[in-house]
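Enquirer: this one's structure only:
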Ligand SMILES: N[C@@H](CCC(=O)N[C@@H](CS)C(=O)NCC(=O)O)C(=O)O
């Protein structure tokens, strides 16, 4: 048996599932990803069998003493960071900002989420960009990317230099930006390219192709 099972939704759509997948992939831990197909009449009943919230993602840590089940993408990432502390920046100030932007992503940007749903391999340039609130969301995300890269990114191409949970949280945004093509600053363009080339993201795409 692997150390972890990560229950996820259909990869082309499940933006919430992509986040802990990216974090788990970055740890190098041994894990299985188990897909529950979304958008089917059977979805809710199937997810409810293993998920207390009725939502994916869900992580099961197969500890010999007692398995631990964790739901919610950010809670799963935090749980992983207990065992893999490098999932957050080491510096306390950088770690605090990484947590703040992760929480902001987790709780916000509803207009962008609604108007620009993740659809991994789709190309819909311009669609959804004029919906109410979308421009404001995109400008704020662009500012987060540019600010983190300039203040904390000296050690590598990710928001805080090397990969951390904040990058996992924004990976679905990179996919959305590729699909819908908003205008971004040069710093954000470069960072989006980094996320799209990340080995965890590539592994997700490869598995998504096999799911289709
Ligand atoms: N806040 C939750 C949101 C999870 C969520 O909304 N998951 C969607 C799939 S991406 C889901 O499970 N939907 C259930 C359904 O479609 O019935 C998290 O961060 O994990």
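Expert: Arrived safely. Since the model is a prediction, treat every value here as computed from it, not as a measurement.

Enquirer: ok now the longest helix anywhere in the chain, how far from the chain's centre?
Expert: Among the segments of the chain that qualify as a helix by DSSP state H, the longest is helix 134-152. Here the centre of helix 134-152 is set off from its chain's centre by 16 Å, with C-alpha atoms, centre = their mean, to the nearest Å.

Enquirer: the next helix or strand after that helix to helix 134-152, inter-axis angle?
Expert: Beyond helix 134-152 on the C-terminal side, the first helix or strand identified by DSSP states H and E is helix 165-180. Orientation check (axes from the mean of the first three to the mean of the last three C-alpha atoms, to 10 degrees): helix 165-180 against helix 134-152 gives 140 degrees.

Enquirer: pLDDT (mean, whole number) over helix 165-180?
Expert: The pLDDT scores in helix 165-180 average 98.

Enquirer: is that helix positioned near the ligand?
Expert: No - Helix 165-180 lies apart from the ligand when judged by C-beta under 6 Å from any ligand atom; the minimum separation is 9.2 Å. To be clear about C-beta, it is placed using only N, CA and C from the backbone, and glycine gets the same treatment.

Enquirer: which helices and strands sit right next to that helix?
Expert: Contact here means 3 or more C-beta pairs under 8 Å, 6 or more residues apart in numbering; DSSP states H and E; on that basis helix 165-180 packs against helix 15-27, helix 73-83, helix 92-107, helix 134-152, helix 186-197, helix 199-211.
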